[in-house]
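1. below are the sequence and a predicted model; questions follow.
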Amino acid sequence: MKFAIVESGGKQFRAVEGATIDVDRLPREVGDSFDFERVLLMADGDAVSVGTPTVGGVTVSATVVDHLKGPKVLSFKYRPKKRIRVRGGNRAHFTRLMIDFIGASGEKKEKPKSESKPKAEKPAPAKQEAKPTSSSKKASTAKKSEKK
């Protein structure tokens, strides 16, 4: 399994191709792609490259999928016997990234082949059978009674 440890916003994240990670809000538009500047570790199967402090020649490319907010974190402060109470809250802003490519800078970025499926033909509309009339119902019940 190919993965890398990247740094963004002073925090470290484990990046796997095709997976998403949530990092602190980045000043990028949805759909923009970029490369991480600091790759701290890269592992490809049994081969592991540990950087001192970064791994040279390794690229991790990502695409911005969405901007979102985290859960609300509440804080409460009070002073006993003083009628002083302060309640506050905060929601952290995140950017969701899709990891597109992990590898050497010179390698080609392989995009998954989109299999073109043949268009499904719409079946011809089925002919609707005529509903039996009341006279035919009587005839069918008469036939059933004759068989008994």
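-> Looks like it arrived, so ask away. Quantities reported herein were computed from a predicted structural model and do not represent experimental measurements.
2. Ala62 is in what secondary structure piece?
-> strand 58-79 (DSSP states H and E).
3. using CSV, list the CA coordinates for that strand.
-> Below are the C-alpha coordinates for strand 58-79, written out as CSV (Å, rounded to 0.1, in the frame of the first residue of the first chain):
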residue,chain,number,x,y,z
VAL,A,58,8.5,13.0,-3.9
THR,A,59,5.3,14.7,-4.9
VAL,A,60,1.9,14.4,-3.2
SER,A,61,-0.9,16.0,-5.4
ALA,A,62,-4.3,16.8,-4.0
THR,A,63,-7.5,18.4,-5.2
VAL,A,64,-9.8,20.6,-3.1
VAL,A,65,-13.2,18.8,-2.8
ASP,A,66,-15.0,21.0,-0.2
HIS,A,67,-14.8,23.6,2.5
LEU,A,68,-16.6,22.7,5.7
LYS,A,69,-16.9,23.5,9.4
GLY,A,70,-16.2,21.2,12.3
PRO,A,71,-18.4,20.5,15.3
LYS,A,72,-19.0,23.4,17.7
VAL,A,73,-16.7,23.5,20.7
LEU,A,74,-18.3,25.3,23.7
SER,A,75,-16.4,27.1,26.5
PHE,A,76,-17.9,28.3,29.7
LYS,A,77,-16.3,30.5,32.4
TYR,A,78,-17.8,31.8,35.6
ARG,A,79,-16.9,33.4,38.9
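4. ok, now which ones touch the residue nearest to Asp44 when sequence neighbours are not counted?
-> Among residues not flanking Asp44 along the chain, Lys2 sits closest, at 4.7 Å (CB to CB, 6 or more residues apart in numbering). No exception for glycine: its C-beta is placed from N, CA and C like everyone else's. Lys2 makes contacts with Val16, Glu17, Met42, Ala43, Asp44, Gly45, Ile102, Gly103, as judged by CB atoms under 8 Å, 6 or more residues apart in numbering.
5. for the closest residue to Val60 other than its chain neighbours, the count of nearby residues, please.
-> Nearest in space to Val60, with sequence neighbours left out and distances taken as CB to CB, 6+ apart, is Phe36 at 4.4 Å. Applying other CB atoms under 10 Å, we find 22 residues neighbouring Phe36.
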